[in-house]
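sharing a model prediction with you, sequence too.
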Amino acid sequence: MMTSVAIVEDNNDFRATLARYLNEAPGYKCVFACSTSEEALQKIPRLLPDVVLMDVHLPNMSGVDCTRRLKELCPTVQILILTVYEDNEKIFGALKAGAGGYLLKRADPADILRAIQDVKQGGAPMSNQIARRVVQSFRENSGAAAKVEGLSQREEEILQNLSKGYSTKEIAERLSVSVNTVRTHLQHIYDKLHVRSRTEAVAKFLQ
């Protein structure tokens, strides 16, 4: 099944390289590429690609703000932040805005393809150093995870596993249920916590 991808990146050469790589990769198609948030907000809600590769540093409206607006307009579209930045402020700005993952631009092209598939399937791909920072920040800011009102015992178990970094498939194996069952529980968790991504859910759980 073809995976459709849109690119929001103001570096012309990098944008063209990414688009070409996607179109040459079996099973992937770049359906739209632009250089500004304004163009992205105009076109992406109509195209509804599976995944958006989003730069953080864009002219006028930032990629973080664009991510937030896109998630409001089309919640089903997965957004993967692709940037040169490694500082916590931009990492958390992007994740809190609803991005499903965060990769550095120097990531290997094959890793980018794997991350696109991962985020499309409900995962939260991040480069190792960024994942470590996220976990560290959660620990520093949370202490013990609080019991979240209104969640069932199974939903709390899934949140506990999410907060430890397990993927949807791993959680299904750990709880001896199907992947689809975990995804259904995740959707209920998102609805109850009023969040749009697993990162937001974990952040709220660990507050």
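The structure has been received and is ready for your questions.

how about Gln117, what does it touch?
Neighbour list for Gln117: Thr3 [criterion: C-beta atoms under 8 Å, 6 or more residues apart in numbering]. C-beta here means a position set from N, CA and C on the backbone, and glycine is covered the same way.

Val119 too?
51, 78-80, 100-101, 125.

now these in TSV, with distance to Gly63 and neighbour count?
TSV is the format used below for the contacts of Val119 (distance: C-beta to C-beta, whole Å; neighbours: other C-beta atoms under 10 Å):
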residue	distance to Gly63	neighbour count
Val51	14	24
Gln78	15	23
Ile79	9	28
Leu80	11	25
Gly100	14	28
Gly101	13	26
Pro125	17	21
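
which among these gets closest to Arg114?
Pro125 (7.3 Å; C-beta to C-beta).

next, the closest one: phi, psi?
Pro125 adopts backbone torsions of phi -70, psi 140, taken as degrees, to the nearest 10.

quick one: it from Arg198, how far?
11 Å (C-beta to C-beta, to the nearest Å).

go on, Lys164?
Applying C-beta to C-beta to Lys164 and Arg198 gives a distance of 12 Å.

quick check: neighbours shared by the two?
Contacts common to Lys164 and Arg198, judged by C-beta under 8 Å, 6+ apart, are absent.

between those two, tell me which one has more neighbours.
Counted by other C-beta atoms under 10 Å, Lys164 and Arg198 do not tie: Arg198 has more neighbours, with 23 against 12.

which SSE is immediately downstream of the worst-scoring helix or strand of the chain on mean pLDDT?
The helix or strand of the chain with the lowest confidence, counting by mean pLDDT, DSSP states H and E, is helix 128-142 at a mean of 62. Remark: after helix 128-142, the chain's next helix or strand is helix 153-163, criterion DSSP states H and E.

could you list the domains of this protein?
3-133, 144-205 (automatic domain parsing).

list the contacts of the residue nearest the centre of the chain.
Nearest to the mean C-alpha position of the chain, by C-alpha atoms, centre = their mean, lies Gly100 at 0.8 Å. Contacts for Gly100 (C-beta under 8 Å, 6+ apart) come out as 78-80, 119, 123-125, 197-199.

surely Phe32 meets Arg15?
No: if you go by C-beta atoms under 8 Å, Phe32 and Arg15 don't touch, sitting 10.9 Å apart.
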